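Asks: give me a model of this one.
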Amino acid sequence: MMPLFPRSRATGLSCRAAAFALVVALTTSSRNVSAEPPPSASPVSSPSSSPSSTTSSAPEPYGFQPLRTPPVNQPLYSKAVGLGMIGGLYGVVYTWTYFAWYKNRATTEDIVWEDEGLFGPDTYAGGSDKLGHMWGNYIISRWTANVLATGGWEPLPRTLIATSTTMAFFTMIELKDGYHKGFGFSWWDMAFNTAGNVLAAGMILAPRLDEMFDFKVYYLPTRAYLRSLTQRGVVDAGEDYSGQKFTLAYHLTSIDAIKRDPSLQWLRYIDITLGYQSKNYLPEPVSANTDRLQEVSLGVAFDFQHLLDVLYDWDRSPRGHVHSSLRFFLEGFGVPYTNPYLIKYQKNNGPAPPEEDADDEQSEDP
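Replies: Alright, predicted model coming up:
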């Protein structure tokens, strides 16, 4: 979704690929909707209104930007339909994972535990897999909650349903990995799955937190992945870690002074980002002597969500379900080449160690 820890290869594959598959499925049906009714239009003052009543509230300054929460939309279907859509989507993805990974794979009598570490130099995928687990659970919970919101579910119930179903799905995948040869159950995977769902719940229930931050992945396919795609038909982009950078973005447009001051309006298009990326871990580089790199960076990014809001306001288009869907896609996925770093710390961990011991261990299995 992998050579230093052979059994954890499939663990990362299954959970990350499941995340990407669910994101694609949920994107087609997700909408961001508030369960609250849309605000009613301001009443038109009658001719008999006093002058003081018509001027009681001063207009907002020119260029004022409201809270970055998405627009309020009316439900498109019932609550029951929303639940049915979620159940159907998870059912389809579970069926796919069975035929893709488990159907012809031997099982074990006892569960196999894996401890591949976190962000050490010789850990699986250089630690990117763990952030991938967190991001996958986070974005799927967010989109699941949006599907429920489109059916009129209130924030707290839809948050509980979204996070619990997402956590249950990834826990089931992890358990199945633990009972299949070549796979393994990882407690660190579970920890980052939990972290992703906790972050999703916070974003859903605290609009101010959602206004300030995004957790997204910037992805650009690597040559190694494109080569495997064209030569062997490998479509698992979730394992293309060298092309993925996970970032926490802080929106400058969430700052009140920037929202209100026209002279600072250019800052509304800028995010401050903290990013992590591992390179030359996965896909495996062609040359065995390629150095593996881990990078932590502080940078800036263009805020396409704000640009989307501005375009809708400029065109005076109503912010409906299409706007909400586009906005939340941009909340989870960054646009390549729009996140340059200001400061970067890079650690060179040298080439990957040989895997002879892992191969010998696998050959001893009956």
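Asks: name the helices or strands packed onto the helix or strand that contains A168?
Replies: In this structure, A168 is located in helix 155-178 according to DSSP states H and E. For helix 155-178, the helices and strands in contact under the criterion 3 or more Cβ pairs under 8 Å, 6 or more residues apart in numbering; DSSP states H and E are helix 8-27, helix 79-97, helix 128-150, strand 185-186, helix 187-205. (Glycine included, C-beta is placed from N, CA and C.)
Asks: so which of the ones you listed is the most surrounded?
Replies: Comparing the helices and strands packed on helix 155-178 by mean neighbour count (mean count of other Cβ atoms under 10 Å), helix 128-150 comes out on top with a mean of 27.
Asks: quick check: angle from the helix holding A168 to helix 79-97?
Replies: Here helix 155-178 runs at 20 degrees with respect to helix 79-97, directions being taken by axes from the mean of the first three to the mean of the last three Cα atoms, to 10 degrees.
Asks: can I assume M85 is in contact with V147?
Replies: Yes. Counting by Cβ atoms under 8 Å, M85 sits close enough to V147 to count as a contact (5.6 Å).
Asks: how far is stretch 308-323 from where the chain is centred?
Replies: Mean-position distance between stretch 308-323 and its chain equals 23 Å (Cα atoms, centre = their mean, to the nearest Å).
Asks: only C-alpha atoms, please: export that stretch in CSV.
Replies: What follows is the C-alpha trace of stretch 308-323 in CSV, where atoms were taken according to Å, rounded to 0.1, in the frame of the first residue of the first chain:
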residue,chain,number,x,y,z
LEU,A,308,-12.3,28.1,-4.1
ASP,A,309,-14.3,30.2,-1.7
VAL,A,310,-13.2,33.4,-3.4
LEU,A,311,-14.1,32.1,-6.8
TYR,A,312,-17.6,31.1,-5.6
ASP,A,313,-18.1,34.5,-4.0
TRP,A,314,-16.8,36.4,-7.0
ASP,A,315,-19.1,34.5,-9.3
ARG,A,316,-21.9,34.9,-6.7
SER,A,317,-22.5,31.1,-7.1
PRO,A,318,-24.3,29.4,-4.2
ARG,A,319,-22.1,27.3,-2.1
GLY,A,320,-23.8,23.9,-2.5
HIS,A,321,-22.8,20.3,-2.4
VAL,A,322,-20.3,20.5,-5.2
HIS,A,323,-18.4,23.3,-3.5
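Asks: buried residues in it, which are they?
Replies: Neighbour-count burial for stretch 308-323, with 16 or more other Cβ atoms under 10 Å as criterion, is recorded at 308-309, 312, 319, 321, 323.
Asks: okay, those residues in CSV with pLDDT next?
Replies: Listed next are these as CSV, based on pLDDT from 0 to 100:
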residue, pLDDT
L308, 93
D309, 91
Y312, 87
R319, 76
H321, 79
H323, 87
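Asks: with respect to P75, which of these is nearest?
Replies: Nearest to P75 among the buried residues of stretch 308-323 is H321, at 10.5 Å by Cβ to Cβ.
Asks: which parts of the stretch 251-366 of the chain are strands?
Replies: 270-279, 293-302, 333-334, 341-348 (DSSP state E, counting those that start in this stretch).
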